[in-house]
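Trainee: Need the 3D shape of this:
(chains A and B)
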Amino acid sequence: MEKNRLISIPHLGRVEGHGGIEVEIENGKVTRVNMDIFEGSRFYEMLIVGKKFTEVSAIVSRVCGICSAGHTLTSQMASENALGIKVTPRTEFLRSLLLHGEAIESHALHLGCLVLPDLLGYEGPLTMVKDYPAEVTVALNLKKLGNAIQELIGGRAIHPINAIVGGFGRIPTKIEWLKLNTDLQKGLELSDALVDLLAKIRLPEYTTHTGIYAALEPRQDRYSYLGDYILTSDGVKRPISEFRKICHEKVVAHSTAKQSLYNSQPFMVGSLSRINLNYRYLTGKAKEAQQKLIPNLPSHNTMNNNYAQMIELVHSIERSLQLIKILIENGLEHEEPIKYNVKAGQGIGAIEVPRGTLYHYYEFDNEGRILDADIITPTAQNLANVEKDMRGAVETLINEPVKVIRNSLEHIARAYDPCISCATHLVEVKVK
Amino acid sequence: MENKKPKIGIFGLTSCAGDQLAILNCEDELVYLANVLDIRDWEMAQTNNDNSIQLDIAFVEGVVAQSRDLQALQAIRKRTKLLVALGTCAVWGGVAAMKNQIPKDVLNKEVSGEEINILDSMPALPVKSFVKVDIQLPGCPIEKDQFLQVVTSLLKGNLPEILKFSVCSECKMRENACIVIERGEVCCGALTLSGCNARCPSHNIPCGGCHGPIEEVHYDANVTMFKTHGITKDDIEQKMAMYAAPAWIPEKLLAEK
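Mentor: Residues are numbered from 1 along each chain as shown, chains lettered A, B, ... in the order given. The predicted structure is shown next:
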C-alpha cells in the first residue's frame, strides 16, 4: 500500500447540488479531509436587502427546491417575529402539516432514490426498479404522498405559493381533506414495507465517536418540527434568538458554503439529532419503527441518520392524519390572513427542516424593508461534522484499498442527505 | 423505438435543483420514462454517468453564475443534438440574476465578512446568453405536466409547442376575481407566460411572474394600469424584479429613478 495518497471524488452523484470530496494521506496519516462545495454562490442574504417582507419568502424559497416549504415558512415566521404578528391556531396547524408533507417527500426521495440503491448496489432508482419493483414503487408512492400534502396546502409541491406572512391564501375544502386523508391512510400501510426492507439491511458503522447533536425542543410535548428553544446534547437549552452561539460560521477556501462550529467543535443536525434528543416523544407506529431500526438511543453512528429519517417519515404520516382530523373538527370556513402594522424591528425564525435546523434572521426598517439578513442552513451546520466523520473513517480504513475508502466516504456524505453535495463516480488516486 | 431510445442527459447549473426535482416528482411516470428514454447522464439521480457520450437531448436547469457553469454548459452543448432550457433560471436568469445589480466586491465582502476573493462568481445569466437553445420551458419550478408534454412531443419526433398566452387568460378561464381590480395589488398575470393554470390568483395570491414574460409584453400599459389602481412605483418594482430581472424590469420604470 502506498504511504502517500490523494483520494479525490470530484463529483458526487445522487445528491442535490454540486460537491466533491478530497482526502490526502501522507506517510500513512490523514493530513487533509475536504468536503468541497462548488455550487455557484447566489448571495441570497444580499439579494433580499431592500426587499419588503411580503416579497422575501418567495425569494428565499429558491435557496433549495427540496426544502422550499421550510425556507418559505421560516422566512415568514422571522418576519412575523419582527413585526409582532401572532398567527391563528389554524395557521399553525396548516404550517405543521405543510412541514410534514415536506418531510415525507424529502425523506422518501432520499431513502428510496438515493440511499437504498447505494446500500443494495445499484446506480440509481431507475436501475434498482428492475429487481425491486415493489419497494421502489412504495418509495415513489410515499414521495408522491408528501407532494400531495404540499400541493394542497402550499398550492404547489415545490416553492409553495399559498403560505404568506400572517396566514394562508386559500383553505382546502372538506372533499380535498378527505381525499388526502384516504391517501395518508394508504401511505401509512405502505410505509411498513419500507421499514421492513430497511430493518433487513445492516448499516455500516464507520465512526463511533460521541458527537454533539442539536435540535429544536418540540412544543407541547409532542414530536414536532416547530420549537422555540434549541437543545444541544451537552444538556444546554437556549432560546432560538441565541442561534449564533450554536452556529459560529466561518468561510473555508474549498467551499462556497460556510461552515458552522459549536464551542469550536463540529456538531450534527438533522433526523438523527432530533431522534437522539427527542425520541421520548415518539408514539404509535413511529415508536415501533424506532424500536425496530434504532433500539438503542442515543446513537453515535451517523449512518443511522438514514433510519432516523424512516422513523420520522412514519411519524409525519401519523401526525398528518391527526392534524387533518383537528382541522376538519374546528371548521373550514374562510379565514383572512392576520392584519398587521408594519414597523421597524428584528426577528428570528427557526424550523426543523428535513436536514436539520434552519434559521432565518432579519432586520427591517420602518417600511418593512430588509436591512440585514442571516440564513443558516442545516447542510452548512453539518459540513464540519461530515469532514470529522470522514476523517474518522479514513483513519480506521487507512490500510484498505481505495475502493473501500471511497465507498465509505460516499456512504457518509450521502447519510447526511446534503443539500448541496456529493457522491461520486470517479476516484482519482495520485501518489505524491 | 425500443432499440432506438433517445440518449438523454439531465444537468443542473447553479440552481435550487427544483426543476430536476420536478422531474423526480413525476412519480407515476418515472418508471415509464426510464423505459422509453435512455438516461445516460443525470448526476442528481444516478451514479455511473457517462459524461462523454453523444446525447440526443440535454435538459439543462439553472443559471450560469460561475466559470465552472459556463464550461459545463459549453461541454453539454457540444455533445447534444437538442438542448432544452428547463426553468426560469435557465430561460431568463431567475431569482439568481437579481445579484447582477450588486457589485462583485460588495457581494464577496458582505457574505464572507472578510475582504477575500475566494468566490469564482460572475453575473448570473441565462443559458441562451452563451449557447444555442432549441427549446425553452420556463417555470419556477417547471410544471411537470408541461415537462411530460415536451418529452412526449420529442419522442414522437415533433418540436413541442409551449403555450404562448398569459396567466391572466388562464385566470379568466377559472373565473377568479381580479386581484388588481378588487384589491389594488400588483399582479403580474397579464405579463406572465401561462402553464401553471393561474396557481397563485386561484389561491387569492397575486401572480409573481415566476414563468417570466410572454412575447410582446406590454409593460408600459400594465404599469399605467397598476398606477390607476393606486399602486406605487415601488410596489411595482418590488414585485416585477424577482424572477426574470434582465428581461422583466421595464427600462422606463428604472429610468424614472
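Trainee: Would you state the helices of the stretch 1-150 of chain A in chain order?
Mentor: Assigned by DSSP state H, counting those that start in this stretch, the helices in the stretch 1-150 of chain A fall at A:44-47, A:53-60, A:68-83, A:89-108, A:116-120, A:125-128, A:133-154.
Trainee: need the strands for the chain, in chain order.
Mentor: You didn't pick a chain, so chain A it is. Residue ranges of the strands in chain A, as given by DSSP state E, are A:5-9, A:19-26, A:29-37, A:163-164, A:167-168, A:214-217, A:229-232, A:237-239, A:248-250, A:259-261, A:345-353, A:356-364, A:370-376, A:428-430.
Trainee: my bad, chain B
Mentor: Here chain B has its strands, by DSSP E, at B:7-12, B:38-42, B:55-61, B:80-86, B:135-137.
Trainee: For chain A, find the nearest of the ones you listed.
Mentor: Evaluated over these, closeness to chain A peaks at strand B:38-42, with 6.6 Å, by CB to the nearest CB. Where C-beta positions appear, they are placed from N, C-alpha and C, glycine not excepted.
Trainee: Which neighbouring elements make contact with the closest one?
Mentor: Under the contact criterion of 3 or more CB pairs under 8 Å, 6 or more residues apart in numbering or on different chains; DSSP states H and E, strand B:38-42 touches strand B:7-12.
Trainee: Within its sheet, name the partner strands of the strand it packs on and how each one runs.
Mentor: If you go by DSSP bridges, strand B:7-12 pairs up with strand B:38-42 (parallel), strand B:55-61 (parallel).
Trainee: Taking strand B:80-86 as reference, get the angle to it.
Mentor: Put simply, strand B:7-12 runs at 40 degrees to strand B:80-86, going by axes from the mean of the first three to the mean of the last three CA atoms, to 10 degrees.
Trainee: got a pLDDT number for residue 40?
Mentor: Using chain A here. Turning to A:G40, the model gives it a pLDDT of 61.
Trainee: try chain B instead
Mentor: Reported pLDDT for B:R40: 93.
Trainee: Same question for B:L73.
Mentor: The per-residue pLDDT reported for B:L73 equals 97.
Trainee: For it, give me its contacts.
Mentor: Residues counted as contacts of B:L73 (CB atoms under 8 Å, 6 or more residues apart in numbering or on different chains) are B:L13, B:V60, B:V64, B:V127, B:F130, B:V131.
Trainee: Next: B:I181.
Mentor: If a contact means CB under 8 Å, 6+ apart, then B:I181 has B:H229 as its contacts.
Trainee: Give me whichever of the strands of chain A is most buried.
Mentor: Mean neighbour count (mean count of other CB atoms under 10 Å in any protein chain shown) peaks for strand A:356-364 among the strands of chain A, with a mean of 26.
Trainee: Can you report how many residues neighbour the closest residue to B:I10 other than its chain neighbours?
Mentor: Leaving aside its sequence neighbours, B:I10 sits nearest to B:W42 (CB to CB, 6 or more residues apart in numbering or on different chains; 4.3 Å). By the criterion of other CB atoms under 10 Å in any protein chain shown, B:W42 has 23 neighbours.
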